[in-house]
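Undergrad: This is a predicted model, with the sequence first.
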Amino acid sequence: MTTTTLAVLVPLLPFLGAVAGLLLGRTAPGFVRPLAVLPTLTSLVLAALVAARQGGDAAVNAATELTPTGSVPIELALYVDGFAALVAVLVGLVASCVQIYSTGYLRDDPRYPSYAALVSLFTSAMFLVVYSGDLIVLLVGWEVMGICSYFLVGHYWETPQARAASLKAFLVTKLGDVPFLIGLFALATDAGSFRITRVLGTVASGGLDHPTLIALLLLAGVAGKSAQFPLHTWLPDAMAGPTPVSALIHAATMVAAGVYFIARLLPVFEASQAAMVVLAVMAAVTMTGSALAALAQDDIKRVLAYSTIGQLGYMTGALAVGDRGAAVFHLLSHGAFKALLFLAAGVMIHAAGTNSLAAMSRMRNLRDRVPDAYWTMTVALLALAAIPPFSGFFSKEAVLGVAEHVVTGHTEHAPAAAGWIVLVTGLLTAVLTAAYAMRLWLLAFRGRGAEAPDHGRQPLTMTVVLWVLAAPSLALGGFAFRLLPDWFDGRDLGPTLTTSVLGTGMALVGGIVTYGAWRHTTALTARVPLGAVTAHPEGDAAQAEAEAIATHEPAYGDIAYAPDPADPGRLLLGPLHRHAAAGFHLDAVYSALFVRPVQAGASLVRFLDREVVETYVRGAGALPRWLGAAVRRAQTGNVQTYVSALLAGTVVLAVAVVLVATGA
């Protein structure tokens, strides 16, 4: 079987599995789990075969015209280079782990068949994005992921939080997709084709007429899909969906698509120095802002959500300094340990007897109850904090290293300003990342909250997956930075001495300071009484947070907890904590700038429609109605009245004729 055929089967098999799962979900429920797991596992094997055959050599490039357009052709094209081959393996690995994990996590969920089918469709769409060699076909996969995320985030549609989160995710990403679509058409117009190879050839020959405009339009779509500032606000709210969905969205699909898109079309962005600086600023604000927000969150999944936003900021930062190899290296490394973090969090949530959100302030004694989650999450958090020799250290140092090269003038692929922005904010974010990673570990496994009911051991399908993902989180980086240059652009991805010392030192400082703050607050505070919300300096904010926790969790619906007074994040952030916990009030800003004006405009239109337009409509109908009423009065049904009216009319007519004749 040729490599092209194998590559076609990779996205096709999960799609067929999704269709079969939807059709047989009600009539043959016993086939649902095999149809969810086997096609995805097969696609993983085929993606690995494609990667082995491609081997980092010349790209697999094949195309056939999809439909005649009369102008710019649309082609069903494959373009599998080293980047695509390895990213597809990551997608297949994480999707397979999620499907296997979900068989245990959602074993009692009545909507599991539709859930599994949507996950398969989601996976197929991401494979299509990764392998596609035509921008319109890529757009199809891009949009299918958007609609799948809407349904999956809203899986628990009975809760208002899930309904609101799914709608918000859909609308915010669509807000970015509109300029993204315009940018694709502008790019194809300049290049004369939607084929990626021809677009890159046009860029290489200097044929783009509007590189800055095109790059900025495309960046809007990337910001929405990959949750970058200012279109990142949907991702923390998307945690209302099932935890395996969060792992899939954050690790291998959806948010990875935007970074991968820029990596594939990086020469388009490099054609505009302004776009590269904008990308660097976007990455810097995203990194630091999301890390501060993560340090203030109480819900473990929201911490991980903001963490994902920040790590994606590292990837876009690497792209801003012109190195897609470092960006995709961190994408691969992050995909493994972030999937592990979410799935381990899911084990902890499942142990507490709920499939919704989980506040760290109520966690207690979980280390002994979920040892698999404890050890694997510890590995993943060390990788997240970029502590050597875990995978996150090597991939994050690759990003910082290329930024240093730009600053020192060793490369001219990006402006020096972009290098300084990425390097400084990357080091600052390293401190904050280690701080919130340490805080999460302390509050989740050494916290003083109420001990949740013990729901017994977790299904084997859930715990085995954790150890499968722990392996690349621990060992991927140690050999990947030596092998990946042959698959990518040939640039060295090894850690440099300066950034390695600075980055690791920053991470250690962040972790140690957080641990010291936790010890200090633990010594000064007493245990919060159960079943009561105590007074707190944040007042209404703490009350609202506690009430939100109580309503989110069916298992604890009758208990409200105050935020943990031993939370080191409150001490470290000080007065900034309240704003960071609210995501720096960006939702309120957007509500004031966009939502309320739109609602006011809608109210005005409704008023004009009701009071002006309807008044004219009612007036136009009043005259015929009055005439009809007058005519209706004459229709009495009395024959004598009709005869009398006829005689009277005859007399009047006769008199009129006589008068006219006399006058004549």
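TA: Sure thing, it's come through.
Undergrad: What segments of the stretch 1-150 of the chain are strands?
TA: Along the stretch 1-150 of the chain, counting by DSSP state E, counting those that start in this stretch, strands occupy 60-67, 74-80.
Undergrad: of those strands, which approaches Gln635 most closely?
TA: Nearest of the strands of the stretch 1-150 of the chain to Gln635, taken as C-beta to C-beta: strand 60-67 at 63.8 Å. C-beta: built from backbone N, CA, C; applies to glycine.
Undergrad: ok, and for the closest one, which residues are buried?
TA: Neighbour-count burial for strand 60-67, counted by 16 or more other C-beta atoms under 10 Å, picks out 60, 62-63.
Undergrad: List just the nearest of these to Asp492.
TA: When the buried residues of strand 60-67 are compared for distance to Asp492 (C-beta to C-beta), Val60 wins out at 25.7 Å.
Undergrad: bridging residues for the closest one?
TA: Using DSSP bridges, the bridge partners assigned to Val60 are Val80.
Undergrad: doesn't Ala77 make contact with it?
TA: No. With contact defined as C-beta atoms under 8 Å, Val60 does not count as touching Ala77 (10.7 Å).
Undergrad: about what we covered before: reformat the buried residues of strand 60-67 as a markdown table; add distance to Leu341 and pLDDT.
TA: Listed next are the buried residues of strand 60-67 as a markdown table, based on distance: C-beta to C-beta, whole Å; pLDDT from 0 to 100:
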| residue | distance to Leu341 | pLDDT |
| --- | --- | --- |
| Val60 | 33 | 87 |
| Ala62 | 37 | 89 |
| Ala63 | 39 | 86 |
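Undergrad: Columns distance to Arg606 on top of these, output as a markdown table?
TA: Shown next, in a markdown table, are these (distance: C-beta to C-beta, whole Å):
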| residue | distance to Arg606 |
| --- | --- |
| Val60 | 56 |
| Ala62 | 54 |
| Ala63 | 50 |
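Undergrad: and of these, the nearest to Arg264?
TA: Once C-beta to C-beta is applied, the member of the buried residues of strand 60-67 that ends up nearest Arg264 is Val60, at 14.3 Å.
Undergrad: quick one, what contacts that closest one?
TA: Shown in contact with Val60 (C-beta atoms under 8 Å, 6 or more residues apart in numbering): 3-4, 7, 50, 54, 78-81.
Undergrad: switch the cut-off to 6 Å
TA: 3, 54, 80 (C-beta atoms under 6 Å, 6 or more residues apart in numbering).
Undergrad: same thing with Gly241?
TA: Going by C-beta under 6 Å, 6+ apart, Gly241 touches 152-153, 155.
Undergrad: go with 10 Å
TA: Applying C-beta atoms under 10 Å, 6 or more residues apart in numbering, one finds that Gly241 lies in contact with 115, 149, 151-156, 161-162, 165-166, 169, 248-249, 301, 355-356.
Undergrad: Now it: closest residue in space that isn't a chain neighbour?
TA: Val153 (4.0 Å; C-beta to C-beta, 6 or more residues apart in numbering).
Undergrad: From Ile262, how far off is the one you found?
TA: Val153 sits 24 Å away from Ile262, going by C-beta to C-beta, to the nearest Å.
Undergrad: Kindly report the same for Pro68.
TA: Pro68 is 31 Å from Ile262, by C-beta to C-beta.
Undergrad: And those two? Which one has more around it.
TA: Ile262 (23 against 8; other C-beta atoms under 10 Å).
Undergrad: Can you give the distance of the host helix or strand of the more buried one from its chain's centre?
TA: For Ile262, the host element (DSSP states H and E) is helix 255-264. Using C-alpha atoms, centre = their mean, to the nearest Å, the mean C-alpha position of helix 255-264 is found 12 Å from that of the whole chain.
Undergrad: which parts of it are buried?
TA: 255-264.
Undergrad: and those residues as a markdown table, adding distance to Leu187 and pLDDT?
TA: Shown next, in a markdown table, are the buried residues of helix 255-264 (distance: C-beta to C-beta, whole Å; pLDDT from 0 to 100):
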| residue | distance to Leu187 | pLDDT |
| --- | --- | --- |
| Val255 | 22 | 90 |
| Ala256 | 21 | 90 |
| Ala257 | 17 | 93 |
| Gly258 | 16 | 93 |
| Val259 | 18 | 95 |
| Tyr260 | 17 | 95 |
| Phe261 | 12 | 96 |
| Ile262 | 13 | 96 |
| Ala263 | 16 | 94 |
| Arg264 | 12 | 94 |
